[in-house]
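S.K.: Mind folding the following:
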Amino acid sequence: LGDYSASYRLYTSILNTAISEEKWDIYYFTQVNRYYLFLIINNAIYLSTGFQGAINYGKDIKLFSDAFLDELNYEMGKLDIKKLYYELPYDIKNKYAFLKTFSNFNYDNYYELIKNKYQIEKDYFKKIISFTLSKFDKVKLDMLEMEKFIYENMILFDVFDENKTYIKISIMSWFKSYIDEISKDEYSTSNIFSNREYTLTVQDVILMTKTFEKDDINYFDILVNKREIPFEETNDLEKYLYKNTGIYEEIFGTVLEGSDILLWTSFNKEIKNLISIAPYFVKCNDCKLKVIDFVCEMLDVNFTVLDRIALIKKWIDIADVKKASPIIEKWFEKEYNNFIDEYVNFIDEQVKQVAYHIKISYIEAIGGLLCEVSKKDNYISEIISNIIINGDSLVFNSIKNIYPVLNDDARKIYDNNHNIVDIFELMERGYENNLPIDCNEEEIIAKFLSDVLYKKQNNLNKSQETILSSEDEKITKIAIYMYIKKFPFEFTKKYATISDEYDFLLNIDAFEYEKFKIDWLYSYSDDLINKIKDNEKQREIVITAICSNGLNCKKEEQDKLFKILVEFNNIK
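M.R.: As a prediction, this is how the structure comes out:
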């Protein structure tokens, strides 16, 4: 694996034997594989030399000898892959007509795929119930047949697009239709369901990891949308995760060189795809923790701290990972210690300041992640508490998000050396009822709201509408905080009209029903809903809005609205 020059010479040896023994089927597949390998080698050279080499590996890397490249280019320059099938003996072409697929780059298959994809969408919108093999299952059947052949002949390479693209389009088309069929079953008012021949398997997940790009992963997330997807091969997927994370740690745990770099490039992409897809299907918490630890420790300089955090949050949110705090704490400690060592050793003051701000932002982000996860685990970090107790002033600017995980002694020291000025830190600690005694909540909130109100009252132009929309989201969070914390009306009325939602929560007597938006309710917590229920005017506005517009929402939104309606009407 990864030793492409040895692989090429092995194919050449097999080719010569096939010619001498007139085994034309072997000859054909060997030529196809050798051609694909030729493309892979050229791609590897492109990625490892010049500007691309500097981006990907930090320097220009010479992977192959000049003698080998001369041999390769001479031999492959004589091969026309599109004519290869037509040069076979007649009896071979007659017996194995499907071989044409591998020299025409799946054009015929693409045509059939697009035709079936169109039929799938037409059937779905017409709500056609199939009692035979459905079109979307036909797409998967064709894909499985092609995939079997591709795997048997080792031609699903990471950098060769033709076969990858066909498999990817097939599996994504089938999966989208599969999701639609599941939704159709969920919303069906009859007892008739379509007969799905195929379900999602671990084989499908593996194909996704080998063919998907980042945009495909994003589209997959949109399709799933936290929906419960039937998946019966969880144990096999978990074994596959254990195996592949273990292989990565074993093979790529040291400095790489030569062919190992090529192998790493392909495997690195696949395992990131695997980890991005798997949280929807993994059940074992030990396996989940293994993945979290792997993401924290994965050796890959291009895998940024922020990208790692985003992936961990995805697992925490979707896979409901429990007891992950110690793993993230260990990661925080490691990054913090590395920062201290690097910061002390910098000589150039300008470089030192740049490195300081970059690294501090990473430590703060990891700290924020630990704070978020620790709430779920009810976890106190003795390691980070000791950092505070030992009085290292470097950490005070980056530690604000991690206050909830400190022990009592560390919290006292922290409060003596840190002033709360950020409104979101204020609300976070306010909800936990652990604000410092000398913290002036109204002063901090007043400063923020006064600035926003000034902007809104000064006729901002359209180019600033996006900014205002973002500010409205912040205003809503602040309004909810003040509503739950029961701020005095004498204070909250100063900022009336700053936003419609603010007025609904804090200035209800002057609020007009027509300005109420039902989608406000979707993000409201149970605690906030209960408090709104106790206000007669707010309760009546909510009930009227749900009765008038509740049926125009999505099913999951209707479920929440119905629950609110039942509670507000005291229906038992």
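S.K.: Okay, now the unreliable bits of this protein?
M.R.: Low-confidence segments of the chain, defined by pLDDT under 70: 1-2, 54-58, 96-163, 166, 184-198, 253-262, 343-355, 392-401, 459-469, 571-572.
S.K.: domain assignment for it?
M.R.: 4-103, 200-320, 323-418, 512-572 (automatic domain parsing).
S.K.: Export the ones you listed to a markdown table and append columns for mean neighbour count and distance to residue 473.
M.R.: Quick note: C-beta positions are derived from backbone N, CA and C, even for glycine. Formatted as a markdown table, those follow (neighbours: other C-beta atoms under 10 Å; distance: least, C-beta to C-beta, whole Å):
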| stretch | mean neighbour count | distance to residue 473 |
| --- | --- | --- |
| domain 4-103 | 15 | 36 |
| domain 200-320 | 17 | 19 |
| domain 323-418 | 17 | 18 |
| domain 512-572 | 14 | 10 |
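S.K.: Reformat the ones you listed into JSON lines and put distance to residue 477 next to each item.
M.R.: Converted to JSON lines, the domains of the chain look like this (distance: least, C-beta to C-beta, whole Å):
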{"stretch": "domain 4-103", "distance to residue 477": "39"}
{"stretch": "domain 200-320", "distance to residue 477": "19"}
{"stretch": "domain 323-418", "distance to residue 477": "16"}
{"stretch": "domain 512-572", "distance to residue 477": "10"}
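S.K.: Looking at those domains, spot the one closest to residue 448.
M.R.: Between residue 448 and the domains of the chain, the shortest gap by C-beta to C-beta is with domain 323-418, which sits at 16.3 Å.
S.K.: Figure out the length between the terminal residues of that closest one.
M.R.: 29 Å (C-alpha to C-alpha, to the nearest Å).
S.K.: wait, which of the domains of the chain is closest to residue 458?
M.R.: Of the domains of the chain, nearest to residue 458 by C-beta to C-beta is domain 512-572, at 21.9 Å.
S.K.: Please compute how far that closest one lies from its chain's middle.
M.R.: Taking the mean of its C-alpha atoms, domain 512-572 sits 32 Å from the chain's own mean (C-alpha atoms, centre = their mean, to the nearest Å).
S.K.: one step back: right, so of the domains of the chain, which gets closest to residue 490?
M.R.: Using C-beta to C-beta, the nearest of these to residue 490 is domain 512-572, at 18.1 Å.
S.K.: what's the closest of the domains of the chain to residue 454?
M.R.: Here domain 512-572 is closest among these (C-beta to C-beta), at 22.1 Å.
S.K.: if we can go back for a sec, residue 499 is nearest to which of the domains of the chain?
M.R.: Across these, residue 499 has its closest neighbour in domain 512-572 (9.8 Å, C-beta to C-beta).
S.K.: Quick check: which element contains residue 547?
M.R.: helix 536-549 (DSSP states H and E).
S.K.: CA atoms only: put the next helix or strand after that helix into CSV for me.
M.R.: With elements assigned by DSSP H and E, the helix or strand that comes after helix 536-549 is helix 555-568. In CSV, the C-alpha atoms belonging to helix 555-568 read as follows (Å, rounded to 0.1, in the frame of the first residue of the first chain):
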residue,chain,number,x,y,z
LYS,A,555,-44.2,18.1,11.8
GLU,A,556,-41.6,18.4,14.5
GLU,A,557,-42.5,22.1,15.0
GLN,A,558,-46.2,21.2,15.1
ASP,A,559,-45.4,18.7,17.9
LYS,A,560,-43.8,21.4,20.0
LEU,A,561,-46.6,23.9,19.3
PHE,A,562,-49.2,21.2,20.2
LYS,A,563,-47.4,20.6,23.5
ILE,A,564,-47.4,24.3,24.3
LEU,A,565,-51.1,24.6,23.4
VAL,A,566,-52.0,21.7,25.7
GLU,A,567,-50.1,23.2,28.6
PHE,A,568,-51.4,26.7,28.1
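S.K.: Quick one: list the elements packing against helix 555-568.
M.R.: When contacts are defined as 3 or more C-beta pairs under 8 Å, 6 or more residues apart in numbering; DSSP states H and E, helix 555-568 packs onto helix 526-533, helix 536-549.
S.K.: Columns distance to residue 224 on top of those helices, output as JSON lines?
M.R.: Listed next are these as JSON lines, based on distance: least, C-beta to C-beta, whole Å:
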{"stretch": "helix 526-533", "distance to residue 224": "25"}
{"stretch": "helix 536-549", "distance to residue 224": "27"}
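S.K.: how about these, which one is nearest residue 317?
M.R.: Closest among these, using C-beta to C-beta: helix 526-533, at 18.5 Å.
S.K.: Show the residue spans covered by the helices in the stretch 401-550 of the chain.
M.R.: 408-417, 423-431, 441-456, 465-484, 489-492, 500-506, 526-533, 536-549 (DSSP state H, counting those that start in this stretch).
S.K.: list the buried ones in the third one?
M.R.: This points to helix 441-456. Using 16 or more other C-beta atoms under 10 Å as the test for burial, helix 441-456 gives 441, 444-445, 448-449, 452-453, 456.
S.K.: Adding distance to residue 422, write the residues you listed out as CSV.
M.R.: Converted to CSV, the buried residues of helix 441-456 look like this (distance: C-beta to C-beta, whole Å):
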residue, distance to residue 422
441, 13
444, 8
445, 11
448, 9
449, 14
452, 15
453, 19
456, 21
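S.K.: Of the residues you listed, which pair is most distant in space?
M.R.: 441 and 456 (22.4 Å).
S.K.: Tell me which other helices or strands the top helix by length along the chain touches.
M.R.: Assignment by DSSP state H gives helix 349-377 as the longest helix of the chain. Judged by 3+ C-beta pairs under 8 Å, 6+ apart, the packing partners of helix 349-377 are helix 305-319, helix 325-345.
S.K.: after it comes which helix or strand?
M.R.: helix 382-389.
S.K.: contacting residues around that next one?
M.R.: 329, 332-333, 336, 367, 370, 395, 399, 402, 405-407, 409-410, 413-414 (C-beta atoms under 8 Å, 6 or more residues apart in numbering).
S.K.: I'd assumed residue 26 was in contact with residue 92.
M.R.: No: in this structure, residue 92 is not within contact of residue 26 by C-beta atoms under 8 Å, at 10.7 Å.
S.K.: May I have the residues that are in contact with residue 475?
M.R.: For residue 475, the contacting residues are 449, 452, 498-499, 501-502, by C-beta under 8 Å, 6+ apart.
S.K.: Out of the residues you listed, which is nearest to residue 181?
M.R.: residue 501 (38.1 Å).
S.K.: burial measure for the closest one, as a count.
M.R.: 19 (other C-beta atoms under 10 Å).
S.K.: Residue 482 versus the residue lying closest to it once chain neighbours are set aside, what's the distance?
M.R.: Among residues not flanking residue 501 along the chain, residue 476 sits closest, at 5.1 Å (C-beta to C-beta, 6 or more residues apart in numbering). With distances taken as C-beta to C-beta, to the nearest Å, residue 476 is found 11 Å from residue 482.
S.K.: All set, thanks.
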